[in-house]
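Visitor: model this:
(one chain, ligands or ions: 3)
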Amino acid sequence: MATPKGREDSSSEIPGHGWQKSGACAERLDHPERLEAEEQVPDQVVMWRKAQEFFQTCDSEGKGFIARTDMQRLHKELPLSLEELEHVFDALDADGNGFLTPEEFTTGFSHFCFGQSSQREEEAGKQVAGQLQEEKVYQSRGNDGVEGTEHDEEAQFQVLMDRLGAQKVLEDESDVRQLWLQLKKDEPHLLSNFEDLLTTIFAQLQEAHEQKNELECALRKKIAAYDEEIQHLYEEMEQQIKSEREQFLLKDTERFQARSRELEKKLSAKEQELERLLQKQSRLEGQCTALHNDKHETKAENTKLRLTNQELARELERTSQELQEAQQQLESLQREACELQQEKEIEVYRVTESLQREKSGLLKQLDFLRERNKHLRDERDINFQKDKAAKANTAASKASRKQRSGSVIGKYVDGREIPRSQSVEEDETFGIPRRRNSVSLSAYLLAEEELGTGEPGAGLPRRQALRRIISIEEDPLPQLLEGGFEKPLSKCPEEEEVFDQGAEGQIMAAPALELIPTSPRGQPVGKEALYKEESIPSTPDRLFKIVFVGDSAVGKTSFLRRLCEARFSPGMAATVGIDYRVKTVTVDNARVALQLWDTAGQERYRCVTQQFFRKADGVVVMYDLTAKQSFLSIRQWLSSVEEAVGDRIPVLLLGNKLDNEKEREVPRGLGEQLAKENNLIFYECSAFSGQNTKESLLHLARLLKEQEDTVRKDTIQVGPPAKKKSCCG
Ligand SMILES: Nc1nc2c(ncn2[C@@H]2O[C@H](COP(=O)(O)OP(=O)(O)OP(=O)(O)O)[C@@H](O)[C@H]2O)c(=O)[nH]1
Ligand SMILES: [Ca+2]
Ligand SMILES: [Mg+2]
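Guide: Numbers count the residues shown, from 1 in each chain. Ligands and ions are numbered 1, 2, ... in the order given. Okay, here's the model as predicted:
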């Protein structure tokens, strides 16, 4: 729509509800000098005013913006259809948010107007150019005629189209050409309107097109911006994602690393566990193989043991059979031994009987001879006797001070003086243990000795020697106990003289009998002592043989005398060969008979004493604690005992003469140490005072009894419990 050239000035402020001074207009108002410059151009201000009126028309509620529906109100004001108004709204809504701000409205409107006017100027220029062209064309056409007319119309139409710039907006011009030509023919007066309309439309279209282009380019820009933004955002997003991812990866890596570390730890733990399990498995396998081998070995051992067991069982069976046979033989032998023993005893009693008869015969003869003697005795004899008695006393006292001569008993040991009793020969024949039989022999022998003063040594008259038979102290025979001998004994004390065939062969009258210590009953003290202890003599439960050894003069004989007769005789004669006593003691309610063998300490009798060790059950080794040499010989005695009997029998070490403390040469500790080294029983004692004489021997007797009990237990354990049977019934 061509707008009037004239311009109105509008110097008035445009009050606006929401109106902004925008763009050029705002500039004009701020700079009035410009306004003059522009008074020449009032159109735009008019347009501006128009625009303001339109905006207010649309924004009747005064919201400050126009919505689509408000735009419809312009329908009355403007010759535009609703669609066109829509187009216009879209064209004006630069930011496409569905609302028109005052800026968008005025910008769009002024654009439209200004664009129009500039366009118009352009168009005007073009028009002029177009007219010029037409004139030319017309000039040229003028030459062509009718054809030329159509051609002209076409050209006109083309010119019009060109002028309108339809090429840009119209794809197909045929309809318009047709309409134009139609109008040109039918209604040429409308042609200008039509052309105007076309112009407007084309302008608008063009504008729309431009706007569209602008929009497109704005859009493109926007899009570009958006794209850029999106790109930017995208990049940011990318960055973020990347950083996120990196973080995530980092975290993930860390987590992964942590996890992998954890897993590594777990793995290493598992590996260690596995290692341990493998070791354990190998150990267990080792144990298993070891057990397996053990099992085999055990099996093999088991079979071996089973076989051994079977062999042992057979062996045991055989042994028990042999044991039974041995026991039967033992029983038969014991029976035989008992029978033999009884025969022996009967024999012994018979011999004793015969001996007694002989003795009583001899005694009678003796008495008879004495009677005779008494009558025959003259003064010479009496003088001689006195001299002899005096000499004998001095000799006896000298003898006890100097080396002593053999004991009385020793004379008999040579066998020269007394025929060996039959029983002794028989004993050797039957090999029966000599103990019992040696009792009869030695009882006989002892009886000899006892008859004297009890002081062997200075020769005892034969008479007293004989009397000793009467007082058989050990194991008195039953009929003897009927007191068959008391009578001759009681007679003995009046008899002072007894001949004695000493080992040296000299005959000496015995000193007056008053020397002989006798008990009130006129018996030698020893016998009484014996009775005291054995109120009711009975067969002892046990019988042990004990041998006394030690250097000469240590006090063996004195010890035995103290023990058996409870008395001490100073100035004892040295023992010759062997001497023997029996002492019965009670140990733990058992009666134990001790055969005490007294040996001679002097070197020259060593061979005799040696042979007596063989059958010993126990040995007593004695030294004199006032004579060091006698202690030094103990080791020698011990070795000869060991040689003879080994170390299987108990040995009692006695340090004698404890009463003589002031002359002690051997300290107690030495004796204890020696005893400890050789596992001996040790006591210090005194035959003189009797200290420790019984205790030491009781200790030895108890040890012997315990040893025998142990041996018995073992024997009984081996075979079936044999019936308990004493040998002599
Ligand atoms: N002080 C004292 N003297 C004693 C003791 N025991 C013996 N005697 C004396 O020592 C001397 C020797 O005594 P015997 O008993 O004959 O010695 P032994 O060991 O029998 O000597 P042999 O028969 O030669 O082996 C005698 O003079 C005794 O009186 C004692 O305990 N104390
Ligand atoms: Ca808008
Ligand atoms: Mg002696």
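Visitor: what does the chain put close to ligand 3?
Guide: Neighbours of ligand 3 within the chain, by CB under 5 Å from the ion: 557, 575. To be clear about C-beta, it is placed using only N, CA and C from the backbone, and glycine gets the same treatment.
Visitor: for the chain, what's the longest helix?
Guide: Scanning the chain for the longest helix, with DSSP state H as the assignment, gives helix 188-376.
Visitor: any idea whether F548 is helix, strand or coil?
Guide: Under DSSP: H, G, I helix; E, B strand; the rest coil, F548 falls in the strand class.
Visitor: burial count for it?
Guide: Using other CB atoms under 10 Å, the number of residues around F548 comes to 27.
Visitor: measure it to A225 for me?
Guide: 145 Å (CB to CB, to the nearest Å).
Visitor: got it, and K344?
Guide: Counting by CB to CB, the gap from K344 to A225 is 156 Å.
Visitor: before we move on, what about E153?
Guide: Distance of E153 to A225, given as CB to CB: 49 Å.
Visitor: Alpha carbons only: can I get the helix or strand hosting C564 in PDB?
Guide: Applying DSSP states H and E as the criterion places C564 in helix 556-565. The C-alpha trace of helix 556-565 is given here as PDB (Å, rounded to 0.1, in the frame of the first residue of the first chain):
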ATOM      1  CA  LYS A 556      84.000-111.000 116.600                       C
ATOM      2  CA  THR A 557      84.000-113.700 119.300                       C
ATOM      3  CA  SER A 558      83.400-111.100 122.000                       C
ATOM      4  CA  PHE A 559      80.400-109.800 120.000                       C
ATOM      5  CA  LEU A 560      78.900-113.300 119.600                       C
ATOM      6  CA  ARG A 561      79.400-114.000 123.200                       C
ATOM      7  CA  ARG A 562      77.700-110.800 124.100                       C
ATOM      8  CA  LEU A 563      74.900-111.600 121.800                       C
ATOM      9  CA  CYS A 564      74.400-115.300 122.800                       C
ATOM     10  CA  GLU A 565      75.400-115.200 126.400                       C
END
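Visitor: which of the residues in that helix are buried?
Guide: Buried positions in helix 556-565, judged by neighbour count with 16 or more other CB atoms under 10 Å: 556-565.
Visitor: by contact count, what packs against the helix or strand that it is followed by?
Guide: Next in sequence after helix 556-565, counting helices and strands by DSSP H and E, comes strand 578-587. Under the contact definition 3 or more CB pairs under 8 Å, 6 or more residues apart in numbering; DSSP states H and E, strand 578-587 sits against helix 434-451, helix 556-565, strand 590-599, helix 693-718.
Visitor: which residues of the stretch 301-450 of the chain score low on pLDDT?
Guide: The model of the stretch 301-450 of the chain has pLDDT under 70 over residues 345, 348-349, 352-353, 356, 359, 376-381, 395-450.
Visitor: my bad, the stretch 101-250 of the chain
Guide: For the stretch 101-250 of the chain, the stretches with pLDDT under 70 are 110-148, 168-169.
Visitor: Contact residues of it facing ligand 2?
Guide: The stretch 101-250 of the chain comes close to ligand 2 at residues E104, as judged by CB under 5 Å from the ion.
Visitor: of all of the stretch 101-250 of the chain, which residue lies closest to ligand 3?
Guide: L250 (118.8 Å; CB to the ion).
Visitor: and the residue of the stretch 1-150 of the chain found nearest ligand 3, how many neighbours?
Guide: Closest residue of the stretch 1-150 of the chain to ligand 3, CB to the ion: N97 (158.1 Å). N97: 10 surrounding residues under other CB under 10 Å.
Visitor: Please identify which helix or strand holds it.
Guide: Using DSSP H and E, N97 sits in no helix or strand.
Visitor: likewise V619?
Guide: In this structure, V619 sits in strand 618-624 according to DSSP H and E.
Visitor: Quick one: name whatever helix or strand follows that strand.
Guide: Next in sequence after strand 618-624, counting helices and strands by DSSP H and E, comes helix 628-632.
Visitor: Mind checking the pLDDT average for that next one?
Guide: Over the span of helix 628-632, the pLDDT mean works out to 96.
Visitor: Repeat that for stretch 555-575.
Guide: Averaging pLDDT along stretch 555-575 gives 90.
Visitor: Over to stretch 592-600?
Guide: Mean predicted confidence for stretch 592-600 is 90.
Visitor: and it, does that touch ligand 1?
Guide: Yes - remark: stretch 592-600 sits within contact range of ligand 1 at A600, by CB under 6 Å from any ligand atom.
Visitor: Just the CA atoms of that stretch, as PDB, please.
Guide: Taking C-alpha atoms only, stretch 592-600 is exported to PDB below (Å, rounded to 0.1, in the frame of the first residue of the first chain):
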ATOM      1  CA  VAL A 592      64.300-116.900 112.900                       C
ATOM      2  CA  ALA A 593      67.200-119.100 113.900                       C
ATOM      3  CA  LEU A 594      70.600-117.500 113.100                       C
ATOM      4  CA  GLN A 595      73.600-119.800 112.600                       C
ATOM      5  CA  LEU A 596      76.400-117.500 113.600                       C
ATOM      6  CA  TRP A 597      79.800-118.700 112.200                       C
ATOM      7  CA  ASP A 598      82.700-117.100 114.000                       C
ATOM      8  CA  THR A 599      85.900-117.200 111.900                       C
ATOM      9  CA  ALA A 600      89.500-116.700 112.900                       C
END
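Visitor: okay, now the residue nearest to G108 when sequence neighbours are not counted: neighbour count?
Guide: Distance criterion CB to CB, 6 or more residues apart in numbering; nearest residue to G108, sequence neighbours excluded, is L92 at 3.5 Å. L92: 20 surrounding residues under other CB under 10 Å.
Visitor: measure L92 to ligand 2 for me?
Guide: Using CB to the ion, to the nearest Å, L92 is found at 8 Å from ligand 2.
Visitor: Likewise for K242?
Guide: Plainly put, K242 is 37 Å away from ligand 2 if you go by CB to the ion.
Visitor: Any idea how many residues pack against that residue?
Guide: 13.
Visitor: next one: R49
Guide: By the criterion of other CB under 10 Å, R49 has 15 neighbours.
Visitor: Let's see the pLDDT reported for it.
Guide: For R49, the model assigns a pLDDT of 76.
Visitor: S552 now?
Guide: Reading off the confidence values, S552 has pLDDT 93.
Visitor: go on, Q673?
Guide: 96.
Visitor: next one: L652
Guide: On pLDDT, L652 comes in at 97.
Visitor: quick one: it from ligand 3, how far?
Guide: L652 is 17 Å from ligand 3, by CB to the ion.
Visitor: mind checking the SS state of that residue?
Guide: Classification of L652 using three-state DSSP returns strand.
Visitor: for it, what are its contacts?
Guide: L652 makes contacts with 618-621, 680-683, 696-697, 699-700, as judged by CB atoms under 8 Å, 6 or more residues apart in numbering.
Visitor: repeat that with 6 Å
Guide: By CB atoms under 6 Å, 6 or more residues apart in numbering, the contact set of L652 is 620, 681, 696, 700.
Visitor: burial measure for the last one, as a count.
Guide: In this case it means L700. 24.
Visitor: and if you look at the third one?
Guide: Counted by other CB under 10 Å, the residues lying close to S696 total 21.
Visitor: bridging residues for the residue nearest to it when sequence neighbours are not counted?
Guide: Nearest non-adjacent residue to S696, counting by CB to CB, 6+ apart: Y683, 3.9 Å away. Y683 has these beta-bridge partners by DSSP bridges: L654.
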